[in-house]
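Engineer: My questions concern the predicted model and sequence given below.
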Amino acid sequence: MAEDGSPAALFDLGGRVACVTGASAGLGRRAATVLARAGASVVGIARRQAELDSWRAEAGGATHAIAADLMDRDGLGALAAAVSAPFGPPEILVHAAGLNSREPAGAVTDAGWDATLALNLETPFFLSQHFAPDMLAKGWGRIVTFASLQTTRAFPGGVAYGASKAGIAQLTRSMAEAWSSGGINANAIGPGFFHTELTAAVFADPDRAARNAAQTCIGRNGAPEDLDGPLLFLCSDASAYVTGQVLMVDGGFTAK
């Protein structure tokens, strides 16, 4: 970590250890790559080993990949130990893994509800709980969880997903209340419409994608690089006095 007092030093992640869930694809992969290129040693977690290997080749730097089922709560302790093995316990934790079952309200199933809440809401807390003691011992930590437009807006077919992402806002505030006095800042990023696996159905319909872009203040949907600055801000010393917040990176979609 640079300590020369320059503006660039605020965003320097050299010497930091980060863990990113959902690192095999989409915004999680982008986040893991950006953190690695900013100097952090990054452990990426996802289900698909081949895609994780592809991410490592793309990102360069000091990286390690773990293929795991993040919905296995009983296995999170062993997973946390595996994450800490290559570089030490992470000081930066980015929860980007997500699931959207897109079940209409009348067709929500037990399995769809349980899986969505488990991955989107329960795992971010319980995995953070495993790493918080080491962050508190160092007096420095950053937890960044992915919120959504559905944190505050209701979309068709989004009962379970929307409930999980609304919960992320309160989870973020609650983790900040619990741990920020010990140096752990907890915040969330709320992406707008970015083209990922989760939003493939949206972008498969050009008219729908265009309507979404028109609802933003900027007039376009998100590009991967739009995430980089906000992520580095929330993962670095630049956000030293920012905690318990949901930063919407949505082109102004929720402002209209």
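Structural biologist: Arrived safely, thanks for sending.

Engineer: Please enumerate the helices of the stretch 151-256 of the chain.
Structural biologist: Counting by DSSP state H, counting those that start in this stretch, the stretch 151-256 of the chain has helices at residues 159-179, 200-203, 206-214, 228-235.

Engineer: mind putting those helices in JSON lines, mean pLDDT and mean neighbour count included?
Structural biologist: Heads up, the C-betas are built off the backbone N, CA and C, glycines and all. JSON lines is the format used below for those (pLDDT from 0 to 100; neighbours: other C-beta atoms under 10 Å):
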{"stretch": "helix 159-179", "mean pLDDT": "98", "mean neighbour count": "20"}
{"stretch": "helix 200-203", "mean pLDDT": "83", "mean neighbour count": "14"}
{"stretch": "helix 206-214", "mean pLDDT": "94", "mean neighbour count": "13"}
{"stretch": "helix 228-235", "mean pLDDT": "98", "mean neighbour count": "20"}
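
Engineer: can you tell me which of those helices comes nearest to Met135?
Structural biologist: helix 159-179 (7.5 Å; C-beta to C-beta).

Engineer: Which other helices and strands does that closest one contact?
Structural biologist: helix 110-117, helix 123-138, strand 141-146, strand 184-191, strand 246-249 (3 or more C-beta pairs under 8 Å, 6 or more residues apart in numbering; DSSP states H and E).

Engineer: May I have the strands that pair with the last one, each with its orientation?
Structural biologist: When you say that, I think you mean strand 246-249. Strand 246-249 has these partner strands in its sheet, going by DSSP bridges: strand 184-191 (parallel).

Engineer: SS state for the closest residue to Thr21 other than its chain neighbours?
Structural biologist: Sequence neighbours aside, Ala97 is the residue nearest to Thr21 in space, at 4.0 Å (criterion: C-beta to C-beta, 6 or more residues apart in numbering). Of the three states, Ala97 takes coil under DSSP: H, G, I helix; E, B strand; the rest coil.
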